[in-house]
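# Below are the sequence and a predicted model for it; my questions follow.
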Amino acid sequence: MNGLHTVAQPASRQLLLVEDDSATAELVRRTLERAGFAVEIAPSVRAGMEALNANGSKDYLAMLLDYKLPDGEPWELANAAKARVPEIPVIVVTGESNESVAIEAVRWGVTDYVKKTSGFWDELPPVLERVATLTRIKGHLNESNALMRTIVEHTSDLVAVSNGNGNLVYLSPVCFALLGREPKELIGQPWADFVAPEDRDAVLSMLDGPGENSTKAVTVRCCRKDGSFAWVELRVARLETSTWAQPMIVLTLHDVTAHREHEQQTQSTLREKEVLLREVYHRVKNNLQVIQSLLKMRARTLPEGEMRDLMTDTIQRVHAMALVHERLYQMDDLAHVSLSSYLLDLFDGALSSSSLQPGQIHIGLDAEEILLDLDGAIPFGLLLNELLSNSLKHGFPGGRTGTVDVSIHRISGAVQMVVKDDGIGLPEHFNAAACTSMGMKLAGSLAHQLGGSLVFSADNGCRVEANLTRL
């Protein structure tokens, strides 16, 4: 049977004993079997090689290798055992007393060695238990290392490791795709070599932070080999090791170049649209001012009377709309008009277009800082213009002086607008719904458009209130 003697035992505890002395081999076998091991005996190098190379070969827990064999050097078997997957630990058993055997065994990478003394076989079980424990630990470590290496080498993020001096000792394969450099080109170089000089302080501030690993990230530029930049989201972690005086630094770089370029393109597009929108507002304002000028030219040709008054009212309405567009292109926020500043300009326009004497009427404003969009600002401005023009036109006849107070505040679910003057008040039996004037009809329609209705009352003059729910 090729000199092999097999004892059937569970493979997980199977040992290969290479020993040419049959009596010694038998004593060792009996001792190890009592300790729960299964032993397969090979009396020579050739028999040991046959056992290792046999079809369906067993997963040996370890190989006990005699230092003196009749047909060759034991290291041939040691190399063959180490080449197995998984590797088979080798324990050299020797009768030599000098330390040269131990040195040679270490050089060949054996796991342990035992001297043949009287009763040495009794020393073997604890040695084998220790080897079995180390083998299990090594297997777990190898599995963990293989798993981590697989994860690191197949992730789309670049993983770089530097020593305590800041020099790179490892870069994952994605280095070439991200930076255009092979990992070997950067190994041994400072990590700062691939970070843009302007962004290095941001990384250094992370390295100088708290000792524990940080979950914070910083966006920096990395230099590609062709001189271009890759934008990355960089995270830093410290890795404490027993083999370095300082902790290792693990840098994880997530490529955000496409996102950054898209963001920059979006910002550029938004700026272009902002310029275009400002130009649109500006041109609309200019066109409305041209219309306003043409109407003024026409009004000057009309005689005093109703037609001229109607033309003046129309001019003021166009002015109210032009003010909205003028304010919009002057605002940082192109979507909203500041109500208070808009109304002050509107008041000036209403006073200048009226036939009142300078200083005859004072207009007061009590308003919250409310932002209105284009859809709300134009009808609101036209509504307030109609009410203000109505007060100025009818409330202060014969050079009468007085005030018009405008109050605008947010209440629950609406904007409350109150226009109150201390003029002559409303006509007797006044009914806003039955009023046929264009201005009153327009004001009622605009209030309805904004989600409210006008309520008129006589209170030492005229008071108009509306709760507008669509502002």
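Sure thing, it's come through.
# And the strands in the stretch 201-350 of the chain, which stretches?
Using DSSP state E, counting those that start in this stretch, the strands of the stretch 201-350 of the chain run over 217-223, 229-239, 248-255, 337-338.
# which one of these lies closest to Gly166?
Across the strands of the stretch 201-350 of the chain, Gly166 has its closest neighbour in strand 248-255 (7.5 Å, Cβ to Cβ). Where you see a C-beta, it was placed from the backbone N, CA and C, and this is true even at glycine.
# how much does that closest one deviate in direction from strand 217-223?
When axes from the mean of the first three to the mean of the last three Cα atoms, to 10 degrees is applied, the directions of strand 248-255 and strand 217-223 differ by 80 degrees.
# The lengthiest helix in the chain versus strand 217-223: what angle between them?
Ranked by residue count and defined by DSSP state H, the top helix of the chain is helix 257-300. Put simply, helix 257-300 runs at 100 degrees to strand 217-223, going by the same axes, to 10 degrees.
# where's helix 257-300 relative to the chain centroid, distance-wise?
Remark: helix 257-300 is offset 33 Å from the chain centroid, using Cα atoms, centre = their mean, to the nearest Å.
# Over to stretch 26-37?
Mean C-alpha position of stretch 26-37 versus that of the full chain (Cα atoms, centre = their mean) differs by 63 Å.
# So which residues make contact with it?
For stretch 26-37, the external contacting residues (Cβ atoms under 8 Å, 6 or more residues apart in numbering) are 7, 9, 13-15, 17, 19, 39, 41, 61, 64, 121-122, 124-125, 128.
# and the two most separated of the residues you listed?
Spanning the widest gap among these are Gln14 and Asp122, at 20.6 Å by Cβ to Cβ.
# Neighbour count: the two, which is higher?
Under the criterion of other Cβ atoms under 10 Å, the comparison of Gln14 against Asp122 puts Gln14 first, with 19 against 13.
# my read: that one touches Leu64, true?
No. With contacts counted by Cβ atoms under 8 Å, Gln14 stays clear of Leu64, the gap being 11.8 Å.
# that older thread, as a markdown table, the strands of the stretch 201-350 of the chain with mean pLDDT, distance to Ala81 and mean neighbour count would be great.
A markdown table is the format used below for the strands of the stretch 201-350 of the chain (pLDDT from 0 to 100; distance: least, Cβ to Cβ, whole Å; neighbours: other Cβ atoms under 10 Å):
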| stretch | mean pLDDT | distance to Ala81 | mean neighbour count |
| --- | --- | --- | --- |
| strand 217-223 | 89 | 46 | 17 |
| strand 229-239 | 87 | 33 | 19 |
| strand 248-255 | 87 | 33 | 20 |
| strand 337-338 | 84 | 85 | 22 |
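# first vs last residue of stretch 179-196, how far apart are they?
End-to-end distance for stretch 179-196: 12 Å, by Cα to Cα, to the nearest Å.
# For it, buried residues please.
179, 181, 183, 185-186, 191, 194-195 (16 or more other Cβ atoms under 10 Å).
# can you list contacts of it?
Contact partners of stretch 179-196, identified using Cβ under 8 Å, 6+ apart, comprise 158, 160, 162, 166-173, 175-176, 200, 203, 220-226, 229-230, 249, 251.
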